[in-house]
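*Asks:* Build me a model:
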Amino acid sequence: MCTTRILNRGSRVAALESELVNTSERGARLVAKALGTFAIIPLRA
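*Replies:* Numbers count the residues shown, from 1 in each chain. Next up, the predicted model:
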């Protein structure tokens, strides 16, 4: 299962963090973790 959360969101930039977890009968195991920074570009009317 992949979960993503917003760490910080401003008017022009947002920082997100995602975690990919493999769950089985033996328990949950973190497979991958990513951090991304994204530009927020408003649409012009």
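*Asks:* in what helix or strand does residue 5 lie?
*Replies:* Under the criterion of DSSP states H and E, residue 5 resides in strand 2-9.
*Asks:* pLDDT on the helix or strand just after that strand, on average?
*Replies:* Next along the chain after strand 2-9, taking DSSP H and E as the criterion, comes strand 13-24. Averaging pLDDT along strand 13-24 yields 96.
*Asks:* Give me the sheet partners of strand 13-24 and which way each runs.
*Replies:* Under the criterion DSSP bridges, strand 13-24 sits next to strand 2-9 (antiparallel), strand 27-39 (antiparallel) in its sheet.
*Asks:* Show residues contacting the longest one.
*Replies:* Right, the one you point to is strand 27-39. For strand 27-39, the surrounding residues in contact (C-beta atoms under 8 Å, 6 or more residues apart in numbering) are 7, 12-23. (Glycine included, C-beta is placed from N, CA and C.)
*Asks:* export it as PDB, just CAs?
*Replies:* This file holds the C-alpha atoms of strand 27-39, laid out as PDB (Å, rounded to 0.1, in the frame of the first residue of the first chain):
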ATOM      1  CA  GLY A  27       3.800  -8.100   9.100                       C
ATOM      2  CA  ALA A  28       4.400  -4.700   7.400                       C
ATOM      3  CA  ARG A  29       7.700  -3.900   5.700                       C
ATOM      4  CA  LEU A  30       8.700  -0.500   4.300                       C
ATOM      5  CA  VAL A  31       9.800  -1.100   0.700                       C
ATOM      6  CA  ALA A  32      10.400   2.500  -0.500                       C
ATOM      7  CA  LYS A  33      10.200   6.100   0.600                       C
ATOM      8  CA  ALA A  34      10.200   9.200  -1.500                       C
ATOM      9  CA  LEU A  35      10.200  12.900  -0.900                       C
ATOM     10  CA  GLY A  36       9.200  15.400  -3.600                       C
ATOM     11  CA  THR A  37       9.000  19.100  -4.000                       C
ATOM     12  CA  PHE A  38       6.500  20.500  -6.500                       C
ATOM     13  CA  ALA A  39       5.800  23.900  -8.000                       C
END
